[in-house]
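S.K.: Give me a 3D structure for the following:
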Amino acid sequence: MAIARKDRHAFEALYVQVSPRLYGVALRMLKRPELADELLQDVFITIWDKAGNYNSDYSAPLTWMTNIVRNRAIDRLRRLEPADPSVDDDMDLLHDTDPGPLALYERGQSSQKLDDCMKQLSAEQRQSIFLAYYHSLSHAAIAKRMAQPLGTTKSWIRRGLAQLKGCLGL
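M.R.: Numbers count the residues shown, from 1 in each chain. Predicted coordinates:
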């Protein structure tokens, strides 16, 4: 990885490519743009410093970076003053009982297993799950983007997630 060798051009290209996604994760969790901006800056410093420790056997690069964002956001939410009424709402996000794609991934044995399971899905299921969980699109937005009926896209997502759950042994 060029970033592990401290290649500034590679780092700049990575920032341009993934910062919108990582910012979206931070903003979704923190719900405050100024906190998400600050967290994103800290995360990219960590990525620059720790790129040499990244091991592709454990996760895909985007997953590794997303986990850094997620863990930092959780730490930030825990440090917020309890007197802030928005903190209680933010902390509820940490106790979500419905497993999202990241929780499903973390329970899997490796990113390769998840990749293998994703390849077993139809192209429509893969795309609709990707749009729902990595771009945070609603079912209606996915249906519009894929030019399909709403019920069809909902079925693709539901069946695809069920198939992933079975494949991952969850």
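S.K.: Can you pull the phi and psi angles for residue 54?
M.R.: Geometry field for residue 54 lists phi and psi as phi -60, psi 140, criterion degrees, to the nearest 10.
S.K.: Run a quick neighbour tally on it.
M.R.: Counted with other CB atoms under 10 Å, the burial measure for residue 54 works out to 15 neighbours. No exception for glycine: its C-beta is placed from N, CA and C like everyone else's.
S.K.: Quick check: closest non-adjacent residue to it.
M.R.: The shortest distance from residue 54 to any non-neighbouring residue, by CB to CB, 6 or more residues apart in numbering, is to residue 64 (5.7 Å).
S.K.: Please, which helix or strand holds the one you found?
M.R.: With the criterion set as DSSP states H and E, the secondary-structure element containing residue 64 is helix 61-79.
S.K.: Quick check: buried residues in that helix?
M.R.: Neighbour-count burial for helix 61-79 flags 61, 63-70, 72-74, 76-77 (criterion: 16 or more other CB atoms under 10 Å).
S.K.: same thing with stretch 119-132?
M.R.: Neighbour counts using 16+ other CB under 10 Å place 121, 124-129, 131-132 of stretch 119-132 among the buried residues.
S.K.: Return the subset of those residues lying in strands.
M.R.: Secondary-structure check on the buried residues of stretch 119-132 using DSSP state E: no residue lies within strands.
S.K.: Check the spacing between the residue most central in space within the chain and residue 167 real quick.
M.R.: Centre of the chain computed as the mean C-alpha position; nearest residue by CA atoms, centre = their mean is residue 66, 5.2 Å away. Noted for residue 66: a distance of 21 Å to residue 167, by CB to CB, to the nearest Å.
S.K.: In TSV: the buried residues of helix 61-79, plus pLDDT.
M.R.: Putting the buried residues of helix 61-79 into TSV (pLDDT from 0 to 100) gives the following:
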residue	pLDDT
61	88
63	89
64	90
65	92
66	91
67	90
68	92
69	93
70	92
72	92
73	91
74	90
76	89
77	88
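S.K.: related to what we said a few turns ago, so the residue nearest to the centre of the chain makes contact with residue 24?
M.R.: No - applying CB atoms under 8 Å as the test, residue 66 and residue 24 come out as separate, 9.9 Å apart.
S.K.: Pull up the overlap in contacts between these two.
M.R.: None of the residues lies in contact with both residue 66 and residue 24 under the rule CB atoms under 8 Å, 6 or more residues apart in numbering.
S.K.: for the longest helix belonging to the chain, the distance to its chain's centre please.
M.R.: When every helix of the chain is counted residue by residue (DSSP state H), the longest turns out to be helix 8-30. Relative to the mean C-alpha coordinate of its chain, helix 8-30 is positioned 11 Å out (CA atoms, centre = their mean, to the nearest Å).
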